[in-house]
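**Q** Fold the following and give me the result.
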Amino acid sequence: MSSARAVAEVKRLLPKRTRIGHTGTLDPLASGLLVLLVGRATRLSRYITGLHKSYTATATLGATSDTLDAEGELSPLPGAPVPTEREIQASIPSFTGDLHQLPPMASAVKVGGERLYKLHRRGETVERETRPVTVHSLALVSYDPGVPSATFELVCSSGTYVRTLISDLASSLGTGAYLTALRRTSVAHLDLQDAVHLEDLSEPEIYNRIIPSSEVVSHLPVVEVGPQGRRGVCNGRPLELEEDPAGGGSFRVEEAGELLAVYRFRDGAGRAEAVLCAG
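**A** Residues are numbered from 1 along each chain as shown. The predicted structure follows:
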């Protein structure tokens, strides 16, 4: 199921004209956590999409794919070496930390105003610029040299292509690899174990599954205001502060645990970026 289809499935359970959006596309092959924002919370999208993400990825070695996953055209590599578990483990440090990745042709990145996957479908290949990404951790959790198949767990920055990462790692070992499964297990502090399967959602049940907005952006520093300050915040007025509570970043403004808005310190005061409460 595509991310857009998942949004549509949830939207039909909500009142008509309810705004809803997702916070990071999952590849067609991928499963796992998809964070959806509903109503005024859609204004928080920018604070979620850029968060680091965790995945479990399974790959087959000894072959390549033109999409770097099982959805593409597969090409076996006869005679390619089968790396040992020790060799894979030894290669992992080279693929953690700050890296530069070349986006795959079968991706949504735009080059010259057109999505790469559209060019790929026409059999075209174009030059692409590498992009900086960060792989915070990468671990081999299982390996079957008889297939050969390997499963990894990783935490990476937003925008990281896991299929590119695993393909590059295999290339460094003199072979190829393509993903056969990819599962997103978390988006920062939001975890798959707290999610719900779409088929388990019903019209009454969906309201029990909605997460408070303050919890979704709990990674942002908080500034508390009282009832008197609430009206000004809900009208998007500047917030008088002696110093920047977020050190140059965004911070949330709450009253008694209710998220009112997200602000940023500029020109000696807090300035509204996203207001959720009504003025």
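
**Q** if I pick the nearest residue to Gly226 once chain neighbours are set aside, what's in contact with it?
**A** Leaving aside its sequence neighbours, Gly226 sits nearest to Glu255 (Cβ to Cβ, 6 or more residues apart in numbering; 6.8 Å). Placement of C-beta: from N, CA and C, glycine included. Contact analysis of Glu255 by Cβ atoms under 8 Å, 6 or more residues apart in numbering lists Glu224, Val225, Gly226, Pro227, Gly229, Arg230, Val233.

**Q** Most neighbours among these, which one is it?
**A** The most crowded member of the contacts of Glu255, judged by other Cβ atoms under 10 Å, is Val233 (24 neighbours).

**Q** Name the nearest residue to that one, sequence neighbours excluded.
**A** Excluding the flanking residues, the one nearest Val233 by Cβ to Cβ, 6+ apart is Leu260, at 4.8 Å.

**Q** Identify the residues contacting the one you found.
**A** Taking Cβ under 8 Å, 6+ apart, one finds Val225, Arg230, Val233, Cys234, Val253, Glu254, Val275, Leu276, Cys277 in contact with Leu260.

**Q** ok, so what distance separates it from Tyr143?
**A** Distance, Leu260 to Tyr143, using Cβ to Cβ, to the nearest Å: 50 Å.

**Q** now Ser31
**A** For Ser31 relative to Tyr143 (Cβ to Cβ), the value is 22 Å.

**Q** which of those two has more neighbours?
**A** Legend: neighbour count by other Cβ under 10 Å for Ser31 and Tyr143, higher for Tyr143 (18 against 14).

**Q** Wait, a helix at the more buried one?
**A** No. Counting by DSSP: H, G, I helix; E, B strand; the rest coil, one finds Tyr143 to be strand, located in no helix.

**Q** so it touches Ala150, yeah?
**A** Yes. At 4.8 Å, Tyr143 counts as touching Ala150 under the criterion of Cβ atoms under 8 Å.

**Q** For the stretch 101-250 of the chain, which segments are assigned as helices?
**A** 116-121, 162-172, 206-209, 213-216, 227-234 (DSSP state H, counting those that start in this stretch).

**Q** weakest of those helices by average pLDDT?
**A** Mean pLDDT per stretch puts helix 116-121 lowest among the helices of the stretch 101-250 of the chain, at a mean of 69.

**Q** Strands of the stretch 1-150 of the chain, residue ranges please.
**A** Here the stretch 1-150 of the chain has its strands, by DSSP state E, counting those that start in this stretch, at 20-22, 30-32, 36-38, 53-61, 63-65, 74-76, 97-101, 110-111, 114-115, 131-144, 149-156.

**Q** Need the residues that contact the third one.
**A** Right, strand 36-38. With contacts defined as Cβ under 8 Å, 6+ apart, strand 36-38 is touched by 6-7, 10, 14, 18-23, 44-45, 48, 210, 216.

**Q** Show me this protein divided up by domain.
**A** When the chain is parsed with automatic domain parsing, its domains come out as 3-50+189-213, 58-63+79-180, 220-275.

**Q** how about these in a markdown table, adding distance to Asp69?
**A** What follows is these, written out as a markdown table (distance: least, Cβ to Cβ, whole Å):
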| stretch | distance to Asp69 |
| --- | --- |
| domain 3-50+189-213 | 5 |
| domain 58-63+79-180 | 4 |
| domain 220-275 | 34 |
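
**Q** of all the ones you listed, which lies closest to Glu71?
**A** In terms of Cβ to Cβ, the element of those nearest to Glu71 is domain 3-50+189-213, at 5.5 Å.

**Q** how long is that closest one end to end?
**A** Length of domain 3-50+189-213, first residue to last, Cα to Cα, to the nearest Å: 21 Å.

**Q** again, but for stretch 62-69
**A** Taking Cα to Cα, stretch 62-69 runs 13 Å from one end to the other.

**Q** where's it relative to the chain centroid, distance-wise?
**A** Per Cα atoms, centre = their mean, to the nearest Å, the displacement of stretch 62-69 from the mean C-alpha position of its chain is 22 Å.
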